[in-house]
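>>> Sequence and predicted structure below; questions after.
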Amino acid sequence: MKNVLAGFICVLMLASSAFANQPASAGISFRLGFWNMGNQSNFLTYSRQNGQEYIQTGGLGGWITFVSRTSDFWTFELAFGGFGQAEGFSNDDFDTFFDNEFDNDDIDATAVVPILFGAQRDLLSIESSSALRPYVSFGGGPYWITDVRDHSFNNEEVISRIEPGAYFGGGLNFLLGDKFAINFDGRYHLVNFDPDNDISGLEIGVGFTVLWGTYKKNK
């Protein structure tokens, strides 16, 4: 295990000094993420006891983000996301007793579609030859939230709303040449500008970015 870790560190060190990158002017990023909506940190919870089943998933989803460099230190981004979480309860004994005449499955699901405008601020100079490029980011926009409630005895409800919000965080781009990068990102979403909102929470993501064009440095 130690040899594997040492080898990985050596690869990062070599990569960070191997590229004298010509910065790109634009790109598109694809990222998968886990969002602890409502500050619920569990990725998956499942339990079964006395004929009762319970399952809960965290906020799983991803992003498509368009990026455009606007200066030596700043990059503009437009991000489209899609996340969902669900909570379900089933009582098998109840269904058997009523010969499945009624549906006793309770399901609560939430889907979130953010459209966010933001900016990244590089922490290293654009002239740096390092392939590891840390940044801080912030932005905001509308969060389209849809709640689906499917409760016992055919009680169904769908509620959709749009709430404003903002995010802040940071991440790391690991450049693998001039046109491709692996991205690690973490951000906190402040939906309706309220940390106690049911959607507000920390999101962690990983993905990749495809870059194109050539940015001309400011003189």
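Now that the structure is in, tell me what you want to look at. Numbering: from 1, shown residues only.
>>> Nearest residue to the most centrally placed residue in the chain in space, please, no chain neighbours.
Centroid check for the chain by CA atoms, centre = their mean gives Gly33 as the closest residue, at 3.4 Å. Leaving aside its chain neighbours, Gly33 sits nearest to Gly205 (3.4 Å; criterion: CB to CB, 6 or more residues apart in numbering). Bear in mind the C-beta positions are built from the backbone N, C-alpha and C, glycine included.
>>> hang on, the one you found is in a strand, isn't it?
Yes - under DSSP: H, G, I helix; E, B strand; the rest coil, Gly205 sits within a strand.
>>> what's the neighbour count on it?
Around Gly205 there are 21 other residues, counting by other CB atoms under 10 Å.
>>> Roughly how far does it sit from Ile107?
Applying CB to CB, to the nearest Å, the value for Gly205 to Ile107 is 26 Å.
>>> again with Val113
With CB to CB as the criterion, Val113 and Ile107 are 20 Å apart.
>>> Which residue is the nearest non-sequential neighbour of Glu53?
Glu53 sits nearest to Ser90 (CB to CB, 6+ apart), 4.6 Å away.
>>> I'd like the distance from the host helix or strand of the one you found to the chain centre, please.
Taking DSSP states H and E as the criterion, Ser90 maps to strand 74-91. Relative to the centre of its chain, strand 74-91 is centred 7 Å away, using CA atoms, centre = their mean, to the nearest Å.
>>> Report all helices and strands that it contacts.
strand 26-35, strand 52-57, strand 59-69, strand 106-122, strand 132-151 (3 or more CB pairs under 8 Å, 6 or more residues apart in numbering; DSSP states H and E).
>>> Packing partners of the last one?
Spelled out, it's strand 132-151. So strand 132-151, by 3+ CB pairs under 8 Å, 6+ apart, packs with helix 2-18, strand 74-91, strand 106-122, strand 155-175, strand 180-191.
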